[in-house]
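S.K.: what follows is a predicted structure for the sequence shown.
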Amino acid sequence: QPIDILEMLEEVTDRFSFQMHQKDIQSVLSVENDIPAVPLDRDQIDQVLDNVVSNALKYTLEGGTITIAARRSDEHTLAISVSDTGMGIPQRDLDRIFERFYRVDKARSRSMGGTGLGLSIAREIVKAHDGSISLESEVDVGTTVTFTLPMHDKGGEHLEGTD
Ligand code: ATP
Ligand code: MG
């Protein structure tokens, strides 16, 4: 059944509002207004969002900002991004970051807690939904994780024809 994206993202923000407040982190929600309700597995996408937003929260210092945004990246595709103003990820680690158990800088990671599974699980779920997930980051500036999801059922009637 189709999910209202604004409502879903508002609920994510609500789930994390206490922790954000405790860390003096601002949250910004930005949802384009022409996004239709999207057929997706709400529990699964919530898990993706929880994994990505919990990272943003964990790896951002007090006073930072987390921005959750949703837009159409094209006619058939929804793009959801989570940006933070946190510590970032070194360039050399970027292409391994979605691997199971991969964590940047063991010392820093150990003090943060976690197992290194969050992003790999997020990627599995997004792939199972025929979407893709990517991450951009700059050390000491911040990180943006973006994932895409098809906005239509796989019924076929919305697939591009060969005309
Ligand atoms: P888990 O999610 O299992 O609790 P984790 O957060 O360490 O543990 P992932 O979510 O898979 O594991 O992230 C992998 C690594 O990527 C993290 O250890 C961290 O070093 C880095 N990372 C992920 N998201 C961010 C982010 N927003 N800012 C900075 N580093 C990040
Ligand atoms: Mg994590």
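M.R.: It's in. Ligands and ions are numbered 1, 2, ... in the order given.
S.K.: without its sequence neighbours, what residue ends up closest to Gln135?
M.R.: No Gln there; residue 135 is Leu. Val145 (5.0 Å; C-beta to C-beta, 6 or more residues apart in numbering). Placement of C-beta: from N, CA and C, glycine included.
S.K.: oops, could you answer that again for Glu136 instead?
M.R.: Thr144 (4.9 Å).
S.K.: what does this protein have sitting close to ligand 2?
M.R.: 55, 118 (C-beta under 5 Å from the ion).
S.K.: return the nearest residue of the chain with respect to ligand 2.
M.R.: Residue nearest to ligand 2 within the chain: Gly118 (2.8 Å; C-beta to the ion).
S.K.: and that residue, what does it touch?
M.R.: By C-beta atoms under 8 Å, 6 or more residues apart in numbering, Gly118 lies in contact with 51-52, 54-55.
S.K.: drop anything exposed from these.
M.R.: Neighbour-count burial within the contacts of Gly118 applies to 51-52, 54-55; the criterion is 16 or more other C-beta atoms under 10 Å.
S.K.: could you give the bridge partners of Asp84?
M.R.: With DSSP bridges as the criterion, Asp84 is bridged to Ile66, Thr143.
S.K.: contact partners for it?
M.R.: Applying C-beta under 8 Å, 6+ apart, the residues near Asp84 are 56-57, 59-60, 64-67, 142-144.
S.K.: thinking again about what came up before, check which helix or strand covers the residue nearest to Leu135.
M.R.: strand 142-150 (DSSP states H and E).
S.K.: many thanks, have a good one.
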